[in-house]
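Student: Any chance you can model this:
(chains A, B, C and D)
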There are 4 protein chains.
Amino acid sequence: MMLEQLRHWRRDFHHFPEPGWCEYRTTSLIAAALSACGYQILLGDRVLSAAAVMGRQIDEAKEKARAAAQGAPQEWLEASSLTGLVAVLDTGRPGPCVALRVDLDAVKVQESQDPRHLPDQQGFASLNPQCMHACGHDGHAAMGLVLGQLLAQRREALSGKIKLFFQPAEEGCRGGKAMAQGGQLDDVDILYAIHLGIHAGSGEIVVAPTGFLSSTKFDVEFHGTPAHAGLEPNAGANALAAACQAVSQMLGIPRHRDGLTRLNIGTLNAGAERNVIPSFALLEGETRGASAQLNDYMFGRVQQIVEGCARSYGVDFRIRKQGEAVSIENSPRLVHSVTVSADRLGFHVIHSRPFGASDDAGYMLERVQKRGGEAAYLVIGANLAAGHHHHGFDFDETAMVQGVSLLEALFEAALQPPAEISD
Amino acid sequence: MMLEQLRHWRRDFHHFPEPGWCEYRTTSLIAAALSACGYQILLGDRVLSAAAVMGRQIDEAKEKARAAAQGAPQEWLEASSLTGLVAVLDTGRPGPCVALRVDLDAVKVQESQDPRHLPDQQGFASLNPQCMHACGHDGHAAMGLVLGQLLAQRREALSGKIKLFFQPAEEGCRGGKAMAQGGQLDDVDILYAIHLGIHAGSGEIVVAPTGFLSSTKFDVEFHGTPAHAGLEPNAGANALAAACQAVSQMLGIPRHRDGLTRLNIGTLNAGAERNVIPSFALLEGETRGASAQLNDYMFGRVQQIVEGCARSYGVDFRIRKQGEAVSIENSPRLVHSVTVSADRLGFHVIHSRPFGASDDAGYMLERVQKRGGEAAYLVIGANLAAGHHHHGFDFDETAMVQGVSLLEALFEAALQPPAEISD
Amino acid sequence: MMLEQLRHWRRDFHHFPEPGWCEYRTTSLIAAALSACGYQILLGDRVLSAAAVMGRQIDEAKEKARAAAQGAPQEWLEASSLTGLVAVLDTGRPGPCVALRVDLDAVKVQESQDPRHLPDQQGFASLNPQCMHACGHDGHAAMGLVLGQLLAQRREALSGKIKLFFQPAEEGCRGGKAMAQGGQLDDVDILYAIHLGIHAGSGEIVVAPTGFLSSTKFDVEFHGTPAHAGLEPNAGANALAAACQAVSQMLGIPRHRDGLTRLNIGTLNAGAERNVIPSFALLEGETRGASAQLNDYMFGRVQQIVEGCARSYGVDFRIRKQGEAVSIENSPRLVHSVTVSADRLGFHVIHSRPFGASDDAGYMLERVQKRGGEAAYLVIGANLAAGHHHHGFDFDETAMVQGVSLLEALFEAALQPPAEISD
Amino acid sequence: MMLEQLRHWRRDFHHFPEPGWCEYRTTSLIAAALSACGYQILLGDRVLSAAAVMGRQIDEAKEKARAAAQGAPQEWLEASSLTGLVAVLDTGRPGPCVALRVDLDAVKVQESQDPRHLPDQQGFASLNPQCMHACGHDGHAAMGLVLGQLLAQRREALSGKIKLFFQPAEEGCRGGKAMAQGGQLDDVDILYAIHLGIHAGSGEIVVAPTGFLSSTKFDVEFHGTPAHAGLEPNAGANALAAACQAVSQMLGIPRHRDGLTRLNIGTLNAGAERNVIPSFALLEGETRGASAQLNDYMFGRVQQIVEGCARSYGVDFRIRKQGEAVSIENSPRLVHSVTVSADRLGFHVIHSRPFGASDDAGYMLERVQKRGGEAAYLVIGANLAAGHHHHGFDFDETAMVQGVSLLEALFEAALQPPAEISD
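Tutor: Modelled structure (predicted):
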């Protein structure tokens, strides 16, 4: 029953996945549903710091048109340029402000058409080409929405304030910093953030995950000189060749003594025509490190390599940061209380396990913690059909039920009205 | 006056450049103009062999909409799916069939905005982003059109038949073979093809250019496995990295003892998202050689490299031919008669000079020559502001007048009615 | 005083460093010194399994001549083809067999001539070009020798047997497996192995280091076809180019989700003459991994890359293993007793800390442990002037005193005669 | 009979090949033989400009020892440090000074052991490892020697002076400039240089070869920082990796519009030990171009690439020129007279054919021509078993007879005493 609700929303979002900054349909549907049960809705333009928005190069009109065609309610669709929302339910009674943060966006992967892939079998595979919920954010969004509905039903028994943060553009670490600086976190006392899967199976929970990676998302442009490839190849300055060498060199940045590092060049687009020496190239990449220092080491080498390749090929270059993430450390008191609650609900509690990726929820947790609140990032285990970002990714939907049950318990415990004191 | 006409059309075509297979506006305007002065118009669908069309991956509806918005007459626009045309003028009197072949398409280069660039100064620079007449085909098209108008005026004084071939998609050598096999060349007795510029200045003509390069245009796809770049980079098979290594290796294919070779990878598009190990890559490239053997040597090495890189990175690959060109050798009798005419018109006649590039007009000349006709490819010299395919390319427009005067003389000489014999 | 002895030997070995399998002088001097105080000496040929010797390509006559010229006692020098030795002291009284394993070889690094470099200042810098004790094995050898002398003096107070293993060719993990399979370990009850430095400072000891890396040492040969580089570059198959691409690709092998991996190509020698397309190339490299699986992942990718590059360049290849190392886990009872002794001697005891490198002592410890004995690898902290293998490497010599004191205590404790039972 | 002599010497030189600047045996044997028939012998130290010697890094003592062991006459061996010689025969009668230049050195190629390889079959294959007469200089040296002997026999019938230049170190273009500036050419009126093979078959002669390439021979060093490859790969600056990328980039230097270019990296030696990040690398390479401008274009790009790769990898670099060659153009009058003589001797005379390689004889011809003399470089055709520098190279020995016959005729014609004038 709770499973049915969760499955309904999760599969709906999975069917119509939207990449970062394009979550118009997802945002609008959540806004409509939570508004209907009494939440105050604050859309993206009101809850994101425009100055901190990164990596947003979209065709807004086109994306809104697509969202409308795919069923986004018009009144919510038109009300904001930026996606994402915060839904607020004030019980009117004194008490803490307890919050959840989930994310909404999909990944630019073409979904598998393998008949064994469940979304394909069950008819809810992605309808949007080169776009897929291959990381589980469809589940996160469904969990935030259903938790909101459940808490609204229990409203009269609670005191304090509920805030549900639906963050856009987590992929690429582009939206978290903007939401952290958007003002709505500043009265939050307790903040939870969640992720399904990530090295934990169904029934498991990691209450103090480690190994969140610092990360820099960057674009590199090379600008050379075009020339006719048959008549005078020598007259060109080949930006594509420079980019290819830079990729080879970056992939070879030495591993670091002090711990985990990562580099990926996710896209490379270069040149315009087959018979012209290509005069521009654009790479989109990211570095990661187990610490800010390790990430800085990687990004420093990237800069050096870009300069070197530009020199070798006589081309100009430009490096631009497009996203960032910081590490995460859970507040000890929350780790303790989550452990107790999860244990009571039958979870297999794993204290810590490396996360191995980045999440810009880090900016939001850091904001709450720096202002005296408490925050925790929880990994809700889920059996997976294939790894995160794989085109055959899918997760055990019952894990959503377990996660929402736990969150409901945590919210209710924190929002308990003070026991009346009889004289 | 002839200069004004030529300049009018050339600048109009330059203002609205269209890439190969998208020349809807150019085709329609030429069709309208030549139809108006009596030519029978045969559009692309009727004069191209569909089986021999190469490298045509376009969004036809979108391109036609653009062409319409930029002034293409609707009746001609809708009449054919393929671009290009043949305009036929039959004098009704017995005589040879004399033909000209010009090309229509622009290059995917962003035009210079340097204030010294004449098209910018004079307000006829490209309005279409990433598209520019940087090779002179705007001039070729204008010359074919104006020659057609002039010959139509002289119709009564001529006998035989005139055929004007406006070939689409010369860039990338994609349309020539289809036009050669389209049937309309099979009654042609004399065929001229022209190119402006190419190492010859205004007032010069090269009557027997050499060094036309054999060429193969190809696409390479690599298909790997996506994976989350932070969580498990080891699980991916990186198609982008394979492509980058392939580019490096291809650029290093050894020069050949027997003569000129070329290789270019003009475009590389790979990957979908910054934080996903890229699972596909597409390269568009070309090899060239001074002979078919040399081109085969280059293309053979390309295939070997693609196989090797696919093996190294554990990715799949596919190689597809997207265009081809053959060498050209002018018919000696035409070389002689052009020399005489050009000399009379004051040209500085250069017998032979290396062309150094490819032109798929070669298939058309070969077709005519193999069936017993005669054919010649003429380089009409023109002073250039910058090299072919450079973003600052521009040519001396008076060269078009010289070229049309010569062609007019050649056509008239060939289409002379037999002298009447008085008794 | 013990410091003077240790310093004497360490500086002597440092002055005349010998690469793996060439430690003729070092071996002979140790044999002479320990023989003089009563040890039975078993030289390399008797204590190494010839079948398990790896990576030994030396000019034996030349190396022995050099050793002789540099002071190796002739009688020991001539007695064995293989280097290394085991020195045995049997007290004649019943008791356990307690053993120490140290290594002897230097690294192929040219020693720093910076005036601040202490060996240079004090006149004991390497006299052998491109060879330097830059890892501390000079200290290890000195410690083994001096420990042997001290224990010989205490012989009458001890029962059981002492075995001192001086292993050749640790660098490159080439000698450990051969010594493990040579027979002399098979009666050993307790085996210690030591290393100076490695992330621990003077006064520190790591009693249960982790993070020993599995490793494969390999050579790759590429064989192509030579050709005149001016006349017909196309006729060659370029082995040097294939090797360069292979290096680029190997350095870019993706990091692995499951933990630390390493790859290095330490040497590349290719080609014979400037104007000939190079027809052969030899790479010497190594992979490492925090587990056997991770090392296998790396080496598997290396093989795939070598195949791919050979295909790309039309060259043949050959891959040969030249050395191997396995992980190490200390016996818990020894960890405990070392902790107690080290604590008593004033060491700052660090339980575990990652080692981050490979040591083929692992084969020897594994051998003893598998046969029911106990073994431990101890990191004796030492302040360093520069990192291991750096040309400015040097260590605090007092650390040797601390190490030998601890080893002496451990040996004496284990070789204590049973308390006499009076009736 | 002349064939037997030529074959004897050629096979002897082939059996004991010597690389550039190491031709001690070859030089000494020629000196001895020509001295014996009356020539004045001037050895290397007297005929080479020390300042212009390039690319000479040899172990002179070791090479002389080898030469002695392989039969070099001691008196000639000891008389000069530099190899090569000039043999002078002055008839004592007035007349021109006519000269021949041949070269002596072998190539660093391991000779084929294929049983079909004639030198192997006949037992005169190279005895020196990694060294082979794979270019035909054994034949050139034999021809120079035998010509000298024949002319000495005819001495009384001639007037003027004969000079035979035996140039060392032609491979790598290292000795020609030094011999050109050594003083001995300055009284030469007519200079011939010869090469066997090179695209011409037995019985053919090319009297005005074209396409001699300008060339620069260079070494590149990269200097980085060593580090332990397992412990802290990040601390190194990898010179080997920088070199590999530089090679990849250099092989990809774009072909040039204006004509033939070449690049080869003939050797790469980097790193010292498998488990150390390699801190140095040495590349030996060459650029060539059909003109000085084209060679400059190539070498300019090389410099740019070296700078770029050094920047990318944080390593230092050094580029050193090691050899140079210039173009060659034969004196027209000599072309004519050779044509006449060759035709008379039954040669198939080819006027011009591209040479496609470099020869630093160019400096010697240029010297003579600039001082008012005449010079010609003649390609004496010879059927080849495999291309120049191939390990299976061999040539038709009868071509030597044809060549010497022609040279003898040319010398005799030029050295004819003036006809006596009777009164």
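
Student: the strands in the stretch 301-423 of chain A, which residues?
Tutor: A:316-325, A:348-350, A:374-380, A:384-386, A:394-395 (DSSP state E, counting those that start in this stretch).

Student: Just checking: what are the partner strands of the second one?
Tutor: What it means is strand A:348-350. According to DSSP bridges, strand A:348-350 forms sheet pairs with strand A:204-206 (parallel).

Student: Direction included, what does the helix or strand following the partner strand pair up with?
Tutor: As assigned by DSSP states H and E, the chain's next helix or strand after strand A:204-206 is strand A:214-223. Sheet neighbours of strand A:214-223, with direction, are listed as strand A:280-289 (antiparallel), strand A:316-325 (antiparallel) (DSSP bridges).

Student: List the contacts of the most centrally placed residue in chain A.
Tutor: Nearest to the mean C-alpha position of chain A, by CA atoms, centre = their mean, lies A:Glu170 at 2.4 Å. Taking CB atoms under 8 Å, 6 or more residues apart in numbering or on different chains as the criterion, A:Glu170 is in contact with A:Gly20, A:Asp103, A:Leu104, A:Asp105, A:His137, A:Gly176, A:Asp359, A:Asp360, A:Ala361. Placement of C-beta: from N, CA and C, glycine included.

Student: Which residues are in contact with A:Leu268?
Tutor: A:243-244, A:247, A:281-284, B:240, B:243-244, B:268-271, B:278, B:281 are the contacts of A:Leu268 under CB under 8 Å, 6+ apart.

Student: Put the buried members of those residues into a ChimeraX selection.
Tutor: Below is the selection syntax for ChimeraX that covers the buried ones among the contacts of A:Leu268, with 16 or more other CB atoms under 10 Å in any protein chain shown defining burial:
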select /A:243,244,247,281,283,284 /B:240,243,244,268,269,270,271,278,281
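
Student: And the helices in the stretch 1-150 of chain A?
Tutor: Across the stretch 1-150 of chain A, reading from the start of the chain, the helices by DSSP state H, counting those that start in this stretch fall at A:2-15, A:24-36, A:44-47, A:60-69, A:74-77, A:118-121, A:137-153.

Student: Of all those helices, which one comes closest to chain C?
Tutor: Put simply, out of the helices of the stretch 1-150 of chain A the one that sits nearest chain C is helix A:137-153, at 20.9 Å, with distance taken as CB to the nearest CB.

Student: Which residue is it, in the stretch 1-150 of chain A, that comes closest to chain B?
Tutor: Going by CB to the nearest CB, chain B is nearest to A:Lys108 of the stretch 1-150 of chain A, at 3.8 Å.

Student: Now do that residue: how many residues are near it, please.
Tutor: When counting by other CB atoms under 10 Å in any protein chain shown, one arrives at 26 neighbours for A:Lys108.

Student: Likewise for A:Pro73?
Tutor: 16.

Student: now it: how far from A:Gln293?
Tutor: When CB to CB, to the nearest Å is applied, the distance between A:Pro73 and A:Gln293 equals 47 Å.

Student: Kindly report the same for A:Gln369.
Tutor: Taken as CB to CB, the spacing of A:Gln369 relative to A:Gln293 amounts to 21 Å.

Student: Compare neighbour counts for these two and give me the winner.
Tutor: When A:Gln369 and A:Gln293 are compared on other CB under 10 Å, the one with more neighbours turns out to be A:Gln369, at 17 against 12.
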